[in-house]
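Engineer: prediction below, plus the sequence it came from.
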Amino acid sequence: SIDVDDDNDGLIELHSLAELNMMRFNTNGSSLKPDADTDGSSEGCSYINDLGDVNEWCFGYELVADVDFDTNGNGEIDQGDEFCNYSEERGVCEGWDPIGHLFQAVFNGNGHTIRNLYIDHPGAPYTGFFYRTNYRTLSDVLFTGPLTSVTGGGYTGIVAGDLGDRAVVSGVVVEGTVIGTGNSSGFSTVGGIAGVLHSATVKDSIVSVEIIGQSFDNGYSTVGGIAGTIWSDSVIENTVITGTVDGYNAGGVIGYFRDFGIIRNTVSAASVTGINTAGGMVGVMVYDTTIENSMALGAVNGTAAETEAGGLVGAFSLDVWLSPFTLVELPHNYWATDTTGQSQLFGIDLTLYDRAQIRVVSSSYGATLDQLECPTHASAAYCLLRTRLYLNWDESLWDFGSSDDLPGLIINGTVYRPIQTMDDSFDIIEG
């Protein structure tokens, strides 16, 4: 049998789309199986772990070459492409079939590119490159290409429909379109990375996406640049988001945010449009959640007079029967009042009764874009009257540049800085 782990690091090398597809036949990454019925090869899967012990099996996969789903190179996904998966009933290519009912292997992209990922599965429960994944790390891969598009029903994202139970996404770049059409009950949860995060982490990642959340009957959509919904101790940190986010509850980072979640050191420069709520960072923020040391820049708009829209948060949910008298924390965040179009941190002020139910602790401030560009270091006291901008922001994570620059986030030694474009949207420049 062939040696599937030439460098003996416990990760099976994948050289092509055909080998990438083989991951679905062994979702724990212990061997490379060409199909569901054939025994897999684990030849070469001998590696020394961190304790110095020799293990005779593999635990994941690594990409060792760029791959492209437009296999015939004609600029569209059609029946001439290897993974068209043409549907006679619908008369369209349905594209890639998401991997694994539950993928539990490491996946390391080694900085390689997966171009033109195309999935068209409207109504499907979980949709993404991976169906669902947990426990392991997905890292260092770029999803890009003009044909990159993922359409699903319920939980939909480019990387995975569902990231859960200590899964970590790190060093991932995502560019494309994500559409949630609604599941069998009419609901959709849509994000650039994943539809939903629970007990999961996304870090050190760049996202530039068009997010569209659809719904029907009595359903609704929750949409965000990173994920539609997060809960259960999930963390988003050191991330930058651009593009557009459009749905019922819409946030630049998260649509619906609950259960001890944390967003920190994150820039949302995405334009956000919501029907019910719209927030520069979060559409709906619920109990025991934190946003810290982060910034919102993109336009925030509601489609109706009753839409709750705010510079950072659309609305605070008062569904406190789960955890009454709880805390929502917003330390040291900022939003651009002129480019977001929002003068308030959140959409509708809380009544005295509401404040008795949910305690919001905030040291977050709105300022104009010029004022936010002015500081050349953290905790600057000279750009906004009676307010220190970027209070206690870590200068090992943020580069403040000149007085004409917005702070840039430092990820793996590279500065990613938001810059306003001629059409008043935002782009990200490197360096």
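Structural biologist: Cool, the structure landed.

Engineer: so what's the gap between the longest strand along the chain and the chain middle?
Structural biologist: Longest strand in the chain, counting residues (DSSP state E): strand 235-251. Computed by C-alpha atoms, centre = their mean, to the nearest Å, the chain-centroid distance of strand 235-251 equals 7 Å.

Engineer: what does stretch 377-394 give?
Structural biologist: 28 Å.

Engineer: over to stretch 416-430?
Structural biologist: That offset, for stretch 416-430, works out to 19 Å (C-alpha atoms, centre = their mean).

Engineer: for the longest strand of the chain, which strands pair with it and how are they oriented?
Structural biologist: Note on strand 235-251: by DSSP bridges, its sheet partners are strand 201-213 (parallel), strand 221-224 (parallel), strand 262-268 (parallel), strand 271-279 (parallel).

Engineer: and the contacts of the third one?
Structural biologist: Surrounding strand 262-268, the residues in contact under the criterion C-beta atoms under 8 Å, 6 or more residues apart in numbering are 225, 234-241, 251-254, 257, 280-282, 289-298, 394, 397-398, 407, 409, 416, 418. All C-beta atoms are positioned from the backbone trio N, CA, C, and that covers glycine.

Engineer: now, the residues you listed that are in helices?
Structural biologist: With helices defined by DSSP state H, no entry of the contacts of strand 262-268 lies inside them.

Engineer: so how do I select the buried members of those residues in ChimeraX?
Structural biologist: Burial among the contacts of strand 262-268 is assessed by 16 or more other C-beta atoms under 10 Å; the matching ChimeraX selection reads:
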select :225,234,235,236,237,238,239,240,241,251,252,253,254,257,280,281,282,289,290,291,292,293,294,295,296,297,298,397,398,407,409,416,418
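
Engineer: highest mean neighbour count out of the strands paired with strand 235-251?
Structural biologist: strand 221-224 (a mean of 34; mean count of other C-beta atoms under 10 Å).

Engineer: so after that strand, what's the next helix or strand?
Structural biologist: strand 227-231 (DSSP states H and E).

Engineer: quick one: contacts for Asn28?
Structural biologist: By C-beta under 8 Å, 6+ apart, the neighbours of Asn28 are 59, 104-105.

Engineer: repeat that for Ile77.
Structural biologist: 69-70, 84, 93, 95, 116, 118, 147.

Engineer: and it, which of the three is it?
Structural biologist: coil (DSSP: H, G, I helix; E, B strand; the rest coil).

Engineer: tell me what the closest residue in space to it that isn't next to it in sequence is bridged to.
Structural biologist: Nearest in space to Ile77, with sequence neighbours left out and distances taken as C-beta to C-beta, 6 or more residues apart in numbering, is Tyr118 at 4.5 Å. Tyr118 has these beta-bridge partners by DSSP bridges: Ser149.

Engineer: before we move on, the earlier item: now render the contacts of Ile77 as CSV, adding pLDDT.
Structural biologist: As requested, those are arranged in CSV below (pLDDT from 0 to 100):
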residue, pLDDT
Phe69, 98
Asp70, 98
Cys84, 98
Cys93, 98
Gly95, 98
Asn116, 98
Tyr118, 98
Leu147, 98
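
Engineer: quick check: PyMOL command selecting the buried ones in those residues.
Structural biologist: Buried residues within those, by 16+ other C-beta under 10 Å, are selected in PyMOL with:
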select buried, resi 69+70+84+93+95+116+118+147
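
Engineer: and of the contacts of Ile77, the nearest to Gly164?
Structural biologist: Using C-beta to C-beta, Gly95 comes nearest to Gly164 of these, at 24.0 Å.

Engineer: quick one: the closest one and Leu147, what's the gap?
Structural biologist: 9 Å (C-beta to C-beta, to the nearest Å).

Engineer: overlap in contacts, these two.
Structural biologist: 69, 77, 118.

Engineer: kind regards, and thank you for your time.
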